[in-house]
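Visitor: Build me a model:
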Amino acid sequence: MSIKIYVAGPYTSAPLDNTLTAIDAADNLLRLGYVPFIPHLSHFWDERHPHEYDEWLGWCIEWVKCCDAILRLPGDSIGADIETELAAAIDIPVYESIEQLHQAMQENA
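Guide: The predicted structure is shown next:
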């Protein structure tokens, strides 16, 4: 499967914990045969080369446009809300669980 999944979810409320949660979700997606994109990994990039929030969000938006679906992790996040709203506006499906995403992909296969 070469279905690209963007992992959207909270970041700024607990950067490292939220990054690890996104990595765990992405690993589950990878094990199911998907190609996950983890924007949270910018955490490590930003530690070495800091950028403004708006620059990171713009970078994320460009990746959203390249993906086949969005996995929206639970939790409050203005950035993830912007990402999922964009996805919905350009007809990229948004799922709230790996199970929901996987079932939908199996049905559409």
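Visitor: For the rest of this, base every contact and every neighbour count on C-alpha atoms.
Guide: Fine.
Visitor: for the helix ranked longest in the chain, the distance to its chain's centre please.
Guide: Ordering each helix of the chain by length in residues (DSSP state H) puts helix 15-31 first. Mean-position distance between helix 15-31 and its chain equals 10 Å (C-alpha atoms, centre = their mean, to the nearest Å).
Visitor: Now do residue 109, the pLDDT please.
Guide: If you check residue 109, the pLDDT there is 75.
Visitor: quick one: buried residues of the longest helix of the chain?
Guide: 18, 19, 21, 22, 23, 25, 26, 27, 29, 30 (16 or more other C-alpha atoms under 10 Å).
Visitor: what's the answer for stretch 54-62, then?
Guide: 57, 60, 61.
Visitor: Same question for stretch 79-98.
Guide: Going by 16+ other C-alpha under 10 Å, stretch 79-98 has these buried residues: 79, 80, 83, 84, 87, 92, 93, 94, 95, 98.
Visitor: What about the buried residues of stretch 54-62, which are in strands?
Guide: Using DSSP state E, no member of the buried residues of stretch 54-62 falls in strands.
Visitor: could I get those residues as JSON lines with pLDDT?
Guide: As requested, the buried residues of stretch 54-62 are exported to JSON lines (pLDDT from 0 to 100):
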{"residue": "57", "pLDDT": "95"}
{"residue": "60", "pLDDT": "97"}
{"residue": "61", "pLDDT": "97"}
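Visitor: any chance of those residues in a markdown table, with distance to residue 11 too?
Guide: Listed next are the buried residues of stretch 54-62 as a markdown table, based on distance: C-alpha to C-alpha, whole Å:
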| residue | distance to residue 11 |
| --- | --- |
| 57 | 12 |
| 60 | 12 |
| 61 | 15 |
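Visitor: from those residues, which is closest to residue 13?
Guide: residue 57 (15.5 Å; C-alpha to C-alpha).
Visitor: what about the closest residue to that closest one other than its chain neighbours, distance to residue 31?
Guide: Spatially, and ignoring its direct neighbours in sequence, residue 57 is nearest to residue 79 (6.9 Å; C-alpha to C-alpha, 6 or more residues apart in numbering). Remark: distance between residue 79 and residue 31 (C-alpha to C-alpha, to the nearest Å) = 26 Å.
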